Structures are given as C-alpha cells and as structure tokens.
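quick one: sequence plus predicted model below, questions after.
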Amino acid sequence: MKRFPLVLLLVLTIAASASAELRIVPDLPDSVEIGQTVEFTVRALDLPSGTVVTNYTGTVTFNALGLTLPADYTFTAADNGQHTFTTTVLRGGNVLMVAYDVAVPETSASDTATSICPGFTVSASNDGPVCDGARPTLTATTDWADLSDVTFQWSGPRGWFPFPQQAVVQAPANLPGDYFVTMTRPNGCQSVAKTTVEKLAGLPGNVGMVRACAGSQFTLTLPQDAAGGPFTDIVWEGLENAAVVAGQGTPTVTFEAQLPAGAPRNAPLVVKLTARSQGGCLIERTYSEHVDRPVSPQPVTAPAVACPYEEQEASAPPPADGSTYHWSIDNGLLLFDDDDDVETIRFATYGPATLRLTVRNETCSAVTEVAIGLPAAPEIIEEPKNVHISRGQTALLSVQVNGSGLTFQWYQGMKGDVSKPVPGGNAHTLSVSPDETKRYWVRVEGCGGTTVDSKAATVTVTAAAGGKRRATRR
C-alpha cells in the first residue's frame, strides 16, 4: 500500500495585545501506519489580519493523544513566525494534538483531531476461470490480524451485491467481469481490492437446429473449432419430439423429428447436448425449434399435351389443414393475376413443360409435378384421292389427319414442290376448277412444329360432251 506523510499544521495566532491563540490545522491522509513519523507545522498569525508574525519569539508546548509529544520549542528570528515539528503515530483511530504558548496557555491553546488509519491491505481473488453455468467463489483476505470488527462489502457487474456480505461469497453464474471488495474498520478506515472473474466458453449457440416435419431427419453439428473446443464426452439427447438416429457420441448427429398422433401442430422440438470442453468443464445446452405435421401431395388435373402459347387450365382440390398452394411452371407462363394460392390456374407453355404444385404449411411441403408434352406429330390417315371432272366442273379434294392444332397448306404440283401454293388452300379440303389436268398435295403442320406431306392427287379434266377432249397432266 502506498504510504503518505502525516502533516499537522499548527497555527499560532498572535493578537495585537500580548495574548496569542494557537491552532492546529491538520492535513492528514488516511493511510499512515502505526509507528510512522510525520510532520506538522506551527505558524504564528496576527489577528485579525491573519498575516504571519515573522518576529514571533514565544515558546510553544504540546499535549497529544495517540501521538508522541514534540519537545517544547522557543521560536527564533530565523523561524520567521513558523516552525516544523515531528510526531510519531502511536495507534490507529482518533488522535489529538494540542499546542499553546506557555506564557498565555488559556488563550493560545488550540487542538485538532483526526482519524489515522493504520496501514493494512485487503486483496480479492476468485476460483476462476469458471465453467459455463458455474458460480465463482470470491474471497477477500487481509493482513489485518483482528477481523472481529471488520466488515466486507462486495459489488460487481450489473449492480450485483451479495447477501449476507462477508469475506467469502459466491458470485452469479455467467456474469464475468470485475468484482470489488471494500474492507472497513469501525473507525471508518477502508481498503479496496478488485478481482476479475473469467468464464470459460460454453457450447456454441448454433449447431444447425431447424424446423422439421414429423418423420423427417435433420442433422446437427457441434463445431470442434468453436471457442472451448475441441469437445469430448459428447452426448446428444432428444428431449421433446426428437430421437437420435445415428452419430451418438460424435460431433455430428442425425435426429428424426416425431409428432405423436393427436399432438398439436407446431409442437416443440427440443434436443440437449452435453460435452466436456478443453477447460475440463462438463457443460450442457438445449436447442429448440418446432415440428409440424407433414402435408400430402395433391392431385393435379391438367392436359398431358398442349400446343405452345395456347391458354390451358389446371386445377387441384382445395387445400386442407391450413396448408397453402404455390404453382410454378418450367418453360411456360402462369396467367394468374397476383396470387398463386388458388385451386385453378391458367397457363401457357413454350414447348415441353413441367407444371408444379407445392403444398405447404409453416414447415412442411409436398410437390406434385405434371409433365406437359407437345401433341404428337400429325398423322395422315386418309390421303387425297384422284378425281375426274369435265372442264368447268369443280373437284373436291380432302385429307384426313390425326393431331392437334393443325394447319394446312395446299400446293399445285408434285409432292414437295412448294413453289405454287394454292391461294385460300388452308383447310383439310380444297375445291379447285382447273381447265386442264393438274396435281395437288397438302402439307399439314402440327402445333409442335412438325409437318407431314400428303401424296399428290390428280385432277383429270376432260372435254365437255360434244366437245374435243383434252387431258393434260402438269
């Protein structure tokens, strides 16, 4: 402990008359040891001006309590009205020094009292670093022998203080930081010490806990590089609606989420981890989430094939048990306004597509996928037939085709010759009135872009009755 000198300032006051008044003005620190020699000063002051009487030559004597008596002293001209004396502290507690001029003791006597704290120290310690969840023990020790009348006052982080207050107390768990103890004697003398509690790292807060569907499995991992690791003596335990499936005793474990029949939705999902840290602490921590009932995929009514860019419709039965719908499509476009949580939707494809309906609640989901293909390539099941007509008559040609989204284009000439498309020849039938024999064929295109060509049919034209016959094939 740092030591300070004890300074007693004794003021000798001299009035204009022969009488004088002495006063001790102390400047006493509270950390002086018993047996220490300290100094104090006596000054002769002129009243009422308060100035030092530099030519004072009176004799001063002393009385004391708890301090040694300085020898009587006669001021000289060299003192210039003030002189320094020494005294030794004999005890702790209250001490008293009285000084007066021997010539006028009744009017010059003056005293001062102060509390001298004998030198002592208090120190504070704890049994940390402590494990996560453990309460550290705080201990105050002192070199002061008699503790019968000593009190201890502890304080700590967040306004903590114990009850009762004593030399050894327990601090709260998981409250590291600086703790202070103040040791107080009955005379008010005090000494203060500090100790810092450190807490060893506990188990990490994140091991991958997630919401789960009943019947599904989830994996948790204790990071071995987390603070306090690597960890040993690892034990996983399902406390609520969870059971270990694989990995017990290892950093990575697989649980199965469970939900008994009749249990409410969004039931607690709780697991416990116990492990020993590198600090030797056997610690545990619980991790919580929720488990929900699984949902079932819903049947979707939709066309198996669709022509690109044509509006189609799909539907599903109403969702059950608070679940909702989410529609999506690959290689297509949903045609709803602003909400996909509907039972019936309209859509269009760009080609082969996949329509998807996701049924979900707060945790679980199920997906139904419907593959929508392109219609088959058109297939001619009856070719156009040859026709004989007289000049001026009309021939009717037709083709029968299987397929969807079919378009037709008739041509004059041999099969495959597209140089002479027949104007208006855009149906499965064609009416023509050639003035000479000609061939016609049709190209059929499906909505998927595939085409098929018919055989060429011959329209043979003959002269009318009584006229000259002319038959020509072109």
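That came in fine, so what should we check first?

could you tell me the end-to-end distance of stretch 55-62?
21 Å (Cα to Cα, to the nearest Å).

go on, stretch 285-298?
Note: stretch 285-298 ends 40 Å apart using Cα to Cα.

return the distance of it from the chain's centre.
The chain centre lies 21 Å from the centre of stretch 285-298; the measure is Cα atoms, centre = their mean, to the nearest Å.

any buried residues in it, and which?
Within stretch 285-298, the residues scored as buried using 16 or more other Cβ atoms under 10 Å are 285, 287, 289-295, 298. C-beta here means a position set from N, CA and C on the backbone, and glycine is covered the same way.

for stretch 131-141, same thing?
In stretch 131-141, counting by 16+ other Cβ under 10 Å, buried: 131-132, 134-136, 138, 140.

and these, which is closest to residue 325?
Set against residue 325, the nearest of the buried residues of stretch 131-141 by Cβ to Cβ is residue 132 (46.2 Å).

spatially nearest residue to the closest one, not counting backbone neighbours?
residue 202 (3.1 Å; Cβ to Cβ, 6 or more residues apart in numbering).

what's near enough to touch the one you found?
131-133, 228, 277, 281, 283, 285 (Cβ atoms under 8 Å, 6 or more residues apart in numbering).

check those residues against residue 207 and report the nearest one.
residue 285 (8.6 Å).

any idea which helix or strand comes after the strand or helix carrying that closest one?
Assigned by DSSP states H and E, residue 285 belongs to strand 282-292. Reading on from strand 282-292 to the C-terminus, the next helix or strand found by DSSP H and E is strand 312-315.

other SSEs contacting that following strand?
strand 344-360 (3 or more Cβ pairs under 8 Å, 6 or more residues apart in numbering; DSSP states H and E).

buried residues in the strand it packs on?
345, 347-349, 352-353, 355, 357-360.

make a markdown table from those residues and add pLDDT to it.
Listed next are these as a markdown table, based on pLDDT from 0 to 100:
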| residue | pLDDT |
| --- | --- |
| 345 | 92 |
| 347 | 94 |
| 348 | 94 |
| 349 | 94 |
| 352 | 93 |
| 353 | 96 |
| 355 | 96 |
| 357 | 95 |
| 358 | 95 |
| 359 | 95 |
| 360 | 92 |
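
next, residue 411: phi, psi?
Dihedral angles of residue 411 (phi, psi; degrees, to the nearest 10) stand at phi -130, psi 150.

by mean pLDDT, point me to the weakest helix or strand of the protein.
strand 7-14 (a mean of 46; mean pLDDT, DSSP states H and E).

bridge partners for the closest residue to residue 207 other than its chain neighbours, pull those for me.
Among residues not flanking residue 207 along the chain, residue 220 sits closest, at 4.5 Å (Cβ to Cβ, 6+ apart). Taking DSSP bridges, one obtains residue 253 as the residues bridged to residue 220.

residue 220: neighbour count?
21 (other Cβ atoms under 10 Å).

contacts only, for it.
207-209, 236, 252-253, 255, 271, 273, 287.

turn those into a markdown table, columns for distance to residue 165 and pLDDT.
Formatted as a markdown table, these follow (distance: Cβ to Cβ, whole Å; pLDDT from 0 to 100):
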| residue | distance to residue 165 | pLDDT |
| --- | --- | --- |
| 207 | 41 | 96 |
| 208 | 46 | 95 |
| 209 | 42 | 95 |
| 236 | 43 | 98 |
| 252 | 49 | 97 |
| 253 | 47 | 97 |
| 255 | 48 | 97 |
| 271 | 42 | 98 |
| 273 | 38 | 97 |
| 287 | 39 | 97 |
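
farthest-separated two in the buried residues of stretch 285-298?
The span of the buried residues of stretch 285-298, defined through Cβ to Cβ, is set by 285 and 298 at 40.0 Å.

ranges for the strands of the stretch 151-300 of the chain?
Taking DSSP state E, counting those that start in this stretch as the test, the strands found in the stretch 151-300 of the chain are 151-155, 168-170, 177-184, 190-197, 212-213, 217-221, 232-240, 242-246, 252-257, 267-276, 282-292.
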